[in-house]
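1. give the three-dimensional model of this entry:
(one chain, ligands or ions: 1)
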Amino acid sequence: MRIHILSIFPEMFSPLNESIIKKAREKGLIEIDLVNFRDYTASKHKNVDDYPYGGGAGMVLKPEPIFAAVRNLSLKAQPKIVLMSPQGAVFSQETAQELAREEELVFICGHYEGFDERIRTLADMEISIGDYVLTGGELAAMVVIDSTVRLLPGVLGEAESSEDDSFAAGFLEYPQYTRPPEFEGMEVPAVLLSGDHARVAAWSRQAALRRTLLKRPEIFRPERLAAADFPLLRELMAEDERIRQLSVRWLSFEPLPRSKRSRRLELE
Ligand code: ADE
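-> Predicted structure coming up:
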């Protein structure tokens, strides 16, 4: 994947020279092209911003340098152009998966009060990383790049695989423990030390369901529940009134047993 970043603060992107993203670059899985669009100003003072028409506080990024920088990119594929802005659609794991399918991406990072509205016509999408305002789009672009790049084949090792990422699956991850089995009076759940793989799997799955329902009920994806999840869900409902209230409606997603399924077909 080729990633072009347009920013007047290219030095801010040094975190992309660390850890997994650094390794992805070294392996040739991604290429990062930092472009300072201040280099594309025609004016003597290299101004990238100006006063807004109609008045108002702050400065606005001028269209010419950003248009010129985009037009001067050396592109190999048809890139998706992303404008980083608090007005964009809020970034999610799904958007990261969508971006990870692209061959080439361009990120435009603004600064100051905002963009001249005409800059928006360059963009295929506008992304916000959350409902708060940053001093510029640089940190936001790095968040988007980091979570996109880790999804590319070969970037993560087997051990850190992104396949069972919680948000992708619609459930939070189950609680995890490592040695020692007892730390300052806090014990690892006995089932995890039992060596009984089926019980460990059921316990972990139930713990993931519990966590999701209690911490992030809005990401719960009932259509991703397997038939074996429903008995676990019923146990959780009996255990906790909040879970019972949240979950009664999900029970309708339980697949019918095979025998009833064929009967239903006959009736139809
Ligand atoms: N620029 C300023 N705030 C931002 C945000 N929340 N997301 C993306 N870009 C931004």
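2. quick one: name the residues of this structure near the ligand.
-> Contact residues, the chain versus the ligand (Cβ under 6 Å from any ligand atom): M84, S85, P86, S128, I129, G130, Y132, V133, L134, G137, A140. (C-beta placed from N, C-alpha, C; glycine too.)
3. which of those residues fall in helices?
-> Secondary structure from DSSP state H places A140 of the residues of the chain next to the ligand in helices.
4. could you flag which of the residues of the chain next to the ligand are buried?
-> M84, S85, P86, S128, I129, L134, G137, A140 (16 or more other Cβ atoms under 10 Å).
5. next step: the residues of the chain next to the ligand restricted to strands.
-> Residues of those located in strands (DSSP state E): M84, S85, P86, S128.
6. got a list of what the first one touches?
-> M84 sits next to 107-110, 126-129, 137-138, 140-141, 144 when contact means Cβ atoms under 8 Å, 6 or more residues apart in numbering.
7. got any ranges where the stretch 1-150 of the chain has weak pLDDT?
-> 112 (pLDDT under 70).
8. again, only this time at 80
-> 112-113 (pLDDT under 80).
9. just the strands from it, written as ranges.
-> For the stretch 1-150 of the chain, the strands defined by DSSP state E, counting those that start in this stretch cover 2-7, 31-36, 49-50, 60-61, 80-90, 104-109, 114-115, 125-128.
10. tell me where the stretch 151-268 of the chain has strands.
-> Secondary structure of the stretch 151-268 of the chain (DSSP E, counting those that start in this stretch): strands at 182-183, 186-187.
11. any idea how far the most centrally placed residue in the chain lies from G154?
-> Centroid check for the chain by Cα atoms, centre = their mean gives Q93 as the closest residue, at 3.3 Å. From Q93 across to G154, the span is 19 Å (Cβ to Cβ, to the nearest Å).
12. residue of the stretch 151-268 of the chain closest to the ligand, please.
-> F167 (18.1 Å; Cβ to the nearest ligand atom).
13. list the contacts for V143?
-> So V143 contacts F91, I129 (Cβ under 8 Å, 6+ apart).
14. then R199?
-> Taking Cβ under 8 Å, 6+ apart, we find R199 in contact with V191.
15. please compute how far stretch 87-96 lies from its chain's middle.
-> 7 Å (Cα atoms, centre = their mean, to the nearest Å).
16. actually, stretch 123-134.
-> 13 Å.
17. span of it from start to end?
-> End-to-end distance for stretch 123-134: 20 Å, by Cα to Cα, to the nearest Å.
18. and for stretch 16-30?
-> The first-to-last residue distance of stretch 16-30 comes to 11 Å (Cα to Cα).
19. now do the buried residues in it.
-> Those would be L16, I21, A24, R25, I30, for stretch 16-30 by 16+ other Cβ under 10 Å.
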